[in-house]
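Chemist: Can you look at this prediction? I've put the sequence above it.
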Amino acid sequence: MDVQLKRGLLDVCVLAAIKNQDSYGYKIIKDLKPYLELSESTLYTILKRLEAANMLTVRTAEHGGRLRKYYHITVQGLQRIEEFKAEWQEILSIYRFVTKEDETRE
Amino acid sequence: MNKQEFLQRLHDALADLPQEERQERLTFYSEMIDDRMEEGLSQEEAVAQIGSIEDILPPSTNPSAPPETVKSIVKPSRTLKAWEILLLVLGSPIWLSLLIAALAILVSIYAAWWSVIISLWACFGAFCGGAFGGIVAGIAMAVSGDAFAGFALLGAGFVCAGLSIFTFFVCKAATKATVTLTKKAVLSVKKRIFEKEAAV
């Protein structure tokens, strides 16, 4: 898969994982597991990238006698998900066009 | 491998990263291990699930990563069109010379800055010499009978000594700041080149 496309998809997946509720690293990996295998190092890179782009914020909270980082989606993050949905509609219509060409040839 | 060993190895492997970034990564992986252990896994099992140290190193510190990054640089995601290549070749006398000139200016500014620092150190050396010479010659003259000139020289020696102490701290701070800034600049350039393509 194209690197840029994959990067964009992973970003949106992580944003979707924290969309309804603040979440932490391991939970994000578990929530995404049915859809894609995400390694810790990949998640770390994505989280840093999204934080730098102001799409999420990080807070540290105590949990079971230790500290845990929670990720919270921002307005920009929510906008990114909406943009993704619109972009995906375009990609789907292009896909339909491309596969239609194949069908007519067959 | 237990958690402590894993984090120590990761700490050593990330030695090239700035302290803050290294700590942030260590905290991230420590939390990941703790969360797994909370689900009932043993320390060793939790560490095993994280993967090997080599797999989780960032591209800039991973010894096995450069071939991948070099490959992605050599094989760009977008190929140049014929007219773009033609334009690049035809325009090279202009953009290449401008680029070289810009680089030369940057290098000369950097060299000029270092020459200022070297001059400061030279001042420090001169003050030290002045202090030593003034004090020794002053004492010698005062002992030999010329008290007025002796004390004047001694005074000048002390002034030089004071100035040398002051200059030493200025030189030290300037050198340290320049070295730190140079390191940061080199790191950021390295990051821009190597992490641009490989950071997925």
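Modeler: Okay, I see it.

Chemist: Make sure B:Trp121 is actually in contact with B:Lys172.
Modeler: No. Using CB atoms under 8 Å, B:Trp121 is not in contact with B:Lys172; the gap is 9.5 Å. C-betas here are computed from N, CA, C, even on glycine.

Chemist: who has more neighbours, those two?
Modeler: B:Trp121 (16 against 13; other CB atoms under 10 Å in any protein chain shown).

Chemist: Quick check: residues of chain A near chain B?
Modeler: A:2-4, A:6-7, A:10, A:24-27, A:39-42, A:44-45, A:49, A:64, A:66-69 (CB under 8 Å from any CB of the partner chain).

Chemist: And those residues, which of them are buried?
Modeler: A:7, A:10, A:24-27, A:40-42, A:44-45, A:49, A:68-69 (16 or more other CB atoms under 10 Å in any protein chain shown).

Chemist: Tell me which two of those residues sit farthest apart.
Modeler: Maximum pairwise distance in these, criterion CB to CB, is 26.4 Å, between A:Arg7 and A:Arg68.

Chemist: before we move on, back to that, any idea which of the buried ones among the residues of chain A next to chain B is least confident?
Modeler: Across those, no position has a lower pLDDT than A:Arg7, which has 84.

Chemist: my hunch is that that residue is in a strand, does that hold up?
Modeler: No. Counting by DSSP: H, G, I helix; E, B strand; the rest coil, A:Arg7 is not part of a strand but helix.

Chemist: From A:Ile81, how far out is it?
Modeler: 15 Å (CB to CB, to the nearest Å).

Chemist: For chain B, which segments count as helices?
Modeler: If DSSP state H is used as the criterion, the helices of chain B fall at B:3-13, B:19-38, B:43-50, B:53-56, B:66-74, B:82-144, B:147-198.

Chemist: Go through these and find the least confident stretch.
Modeler: When I compare those, helix B:66-74 is least confident, with a mean of 49.

Chemist: Shouldn't A:Glu62 be within a helix?
Modeler: No. Counting by three-state DSSP, A:Glu62 falls outside a helix, being strand.

Chemist: how about the residue lying closest to it once chain neighbours are set aside, what does it touch?
Modeler: Using CB to CB, 6 or more residues apart in numbering or on different chains and skipping the chain neighbours, the partner closest in space to A:Glu62 is A:Arg68 (7.6 Å). Counting by CB atoms under 8 Å, 6 or more residues apart in numbering or on different chains, A:Arg68 touches A:24, A:60-62, B:31, B:34-35.

Chemist: buried subset of the residues you listed?
Modeler: Judged by 16+ other CB under 10 Å, buried ones among the contacts of A:Arg68: A:24, B:31, B:34-35.

Chemist: Most widely separated two among the residues you listed?
Modeler: Greatest spacing in these, by CB to CB: A:Tyr24 and B:Asp34 (10.4 Å).

Chemist: Could you see whether chain A lies near stretch B:187-194?
Modeler: No. Using CB under 8 Å from any CB, stretch B:187-194 stays clear of chain A, with a minimum separation of 12.2 Å.

Chemist: how far away is the residue nearest to B:Ala140 when sequence neighbours are not counted from B:Phe132?
Modeler: Excluding the flanking residues, the one nearest B:Ala140 by CB to CB, 6+ apart is B:Gly150, at 7.5 Å. B:Gly150 sits 16 Å away from B:Phe132, taking CB to CB as the criterion.

Chemist: ranges for the helices of chain A?
Modeler: Counting by DSSP H, the helices of chain A are A:3-17, A:25-32, A:40-52, A:75-105.

Chemist: helices or strands up against the last one?
Modeler: For helix A:75-105, the contact count by 3 or more CB pairs under 8 Å, 6 or more residues apart in numbering or on different chains; DSSP states H and E identifies helix A:3-17 as packing neighbours.
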